[in-house]
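# coords please:
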Amino acid sequence: MTNKTGQRRPTVLITDDDADASRVIVKLLQKKDYRLLTAFSGPEALEVLGREHVDVVVLDVMMPGMDGLEVCRVLRSEPRYAELPIILLTGLDDFKTRHEGMKLGVSQFMCKPFTRQDLVDRIEAQLRVRRISDELDTIETRLS
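So this is what the prediction gives:
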């Protein structure tokens with residue numbers, strides 16, 4: 001999907017088993033020019049990622065069944081998702097969760113509650129990193 005200038009709109013996947021929390025995040029992000037997708041479980045997030053191009057994943061840690069860390073494990077085990085930015089949302093501000101997330105290659109951590117601006121800033125930062133990485137890959141391909 002493109003925006004008014006014809007550029008592809010960044011796609012953000014929001015995964016949280018709490019429908020109210022997911023709605024709040026969607027509402028916080030609606031003012032930005034993002035294409036917003038939602039999933040309410042780890043398996044559903046993986047299914048959405050299998051059929052949609054996603055630029056950033058906002059992922060809750062504590063979900064029943066497959067938690068956010070397990071979703072990260074699955075994503076990082078697949079080469080096509082190795083560089084996908086993941087922003088992990090957690091009500092847990094403990095070292096173990098952060099350490100495990102860092103080992104899995106999580107891009108950012110955010111503790112709940114958070115502000116709209118903080119979430120937007122972190123998404124924008126990850127989109128910039130992704131854009132630069134894509135540009136470097138294009139240059140590298142041209143030079144090969």
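
# Show me what the most centrally placed residue in the chain is bridged to.
In the chain, the C-alpha nearest the mean C-alpha coordinate belongs to Val57, at 1.4 Å (CA atoms, centre = their mean). Under DSSP bridges, the beta-bridge partners of Val57 are Leu13, Ile86.

# Low-confidence bits of the protein, can you list those?
By pLDDT under 70, the low-scoring segments of the chain are 1-6.

# And the longest helix along it, how far out from the chain middle?
Criterion DSSP state H: the longest helix present in the chain is helix 116-143. Mean C-alpha position of helix 116-143 versus that of the full chain (CA atoms, centre = their mean, to the nearest Å) differs by 13 Å.

# what packs against it?
Counting by 3 or more CB pairs under 8 Å, 6 or more residues apart in numbering; DSSP states H and E, the packing neighbours recorded for helix 116-143 are helix 19-29, strand 56-60, strand 86-90, strand 108-111. All C-beta atoms are positioned from the backbone trio N, CA, C, and that covers glycine.

# Next up, the contacts around Val26.
The neighbourhood of Val26, defined by CB atoms under 8 Å, 6 or more residues apart in numbering, consists of Ile14, Leu36, Thr38.
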